[in-house]
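1. sharing a model prediction with you, sequence too.
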Amino acid sequence: MEIDLNLIQHQFRRLLPGNNRNVYKYLLQEYNLTPFDLETNASMMTIALQFVNKPKEIDSIFNEVNMEAMNLENCAFCENRLYIKGLADIELEKYDEAIGLLTPFAKQSDYISLKKVLLKAHIKSGNNAVVGPNLVPLVTLGIPGNLAAALILGGFMIKGLTPGPMFMQENAPLLYGLFAVLLISNLYTFLVGNFFVRYVRKITRIPKPILFTAILIFSVIGSYVFQSSIFDIFMMFAFGILGYLLTKLEINLPTVIVAFFLGPLFERKIRQALLISGGDATIFFTRPICLTFFILTILGVVFLIRRKRRLK
């Protein structure tokens, strides 16, 4: 196959001033011509991860080449591909996949770079220490700091509890009980998780068709057993399709879940503000604090839209 010199010249002309998105576009054309070439494959993964931040596309690129029959001792690009794939899995928070991919190299004397990525995946996968600090804004202001705190907020609201400045004074026994449970769970995770992690991570090696089928069966059983209702099964499929569409549209699922829990609280606070102002909606734009938050929200949305367009 003849090398397209114009394509290479385009890449260098775009790479030197830092126009990495166009480099990615031209390299994608080259990759479509030779997807099995290890050097082109590894370069494509590097550009997608490091310069353009498209780690989701690395899975399909990585799977173009079967690594099972390759000898890594004589294949530098094979090690590079594993290194980049592990970093992409970590960025996508697929820590178990990164661990399953790189664990076979943990006991070998070489592959220092792969061991560093494996260590990072292990550290990230055990990152449950962030739940405690995120309870502070939840308990004091009623604002969840992450997805786990949002789920706790949902549990509070189901029980009729409203987190806020008076929550600690009015529900101190419940709050201290929650802190005690978190301490016990961390101890349990250290003792039990440290023993079972070597066995549980083998689940990631189960073929995906079998694994997904098992998950679907258990999901259907769990939905039906709760109230013995076929309607619940249809609702499960409906929300599953909704989640799939949100993923395809690249809408952040934790954000949607947080909005679902905060929606009723937001509506209640709006009604309170309108009652105080006598039904005058301009209170949201004339008060300094409200106006500041509106401006910050608009600036945040504009910044995210512009950043997304730049990445494309």
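-> Nice, I can see it.
2. mind listing the helices for the stretch 101-250 of the chain?
-> For the stretch 101-250 of the chain, the helices defined by DSSP state H, counting those that start in this stretch cover 112-125, 131-141, 147-158, 167-170, 172-188, 194-200, 208-227, 230-248.
3. which secondary structure elements does the shortest one contact?
-> Other elements packing on helix 167-170 under the criterion 3 or more Cβ pairs under 8 Å, 6 or more residues apart in numbering; DSSP states H and E are helix 131-141. Using the backbone N, CA and C atoms, a C-beta is placed for each residue, glycine as well.
4. just send the helices of the stretch 101-250 of the chain back as TSV, with mean neighbour count, distance to Leu299 and mean pLDDT too.
-> What follows is the helices of the stretch 101-250 of the chain, written out as TSV (neighbours: other Cβ atoms under 10 Å; distance: least, Cβ to Cβ, whole Å; pLDDT from 0 to 100):
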stretch	mean neighbour count	distance to Leu299	mean pLDDT
helix 112-125	16	30	79
helix 131-141	16	21	71
helix 147-158	17	24	74
helix 167-170	13	31	78
helix 172-188	12	35	81
helix 194-200	10	43	70
helix 208-227	11	40	87
helix 230-248	12	24	87
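5. redo these as CSV? Include distance to Ile289.
-> As requested, the helices of the stretch 101-250 of the chain are exported to CSV (distance: least, Cβ to Cβ, whole Å):
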stretch, distance to Ile289
helix 112-125, 37
helix 131-141, 14
helix 147-158, 22
helix 167-170, 21
helix 172-188, 27
helix 194-200, 47
helix 208-227, 43
helix 230-248, 32
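6. looking at those, which is closest to Ser277?
-> When the helices of the stretch 101-250 of the chain are compared by Cβ to Cβ, helix 131-141 sits nearest Ser277, at 22.2 Å.
7. quick one: the residue sitting furthest away from the middle of the chain and Leu175, what's the gap?
-> Largest separation from the mean C-alpha position in the chain: Gly278, at 43.1 Å (Cα atoms, centre = their mean). Between Gly278 and Leu175 the distance is 36 Å, computed by Cβ to Cβ, to the nearest Å.
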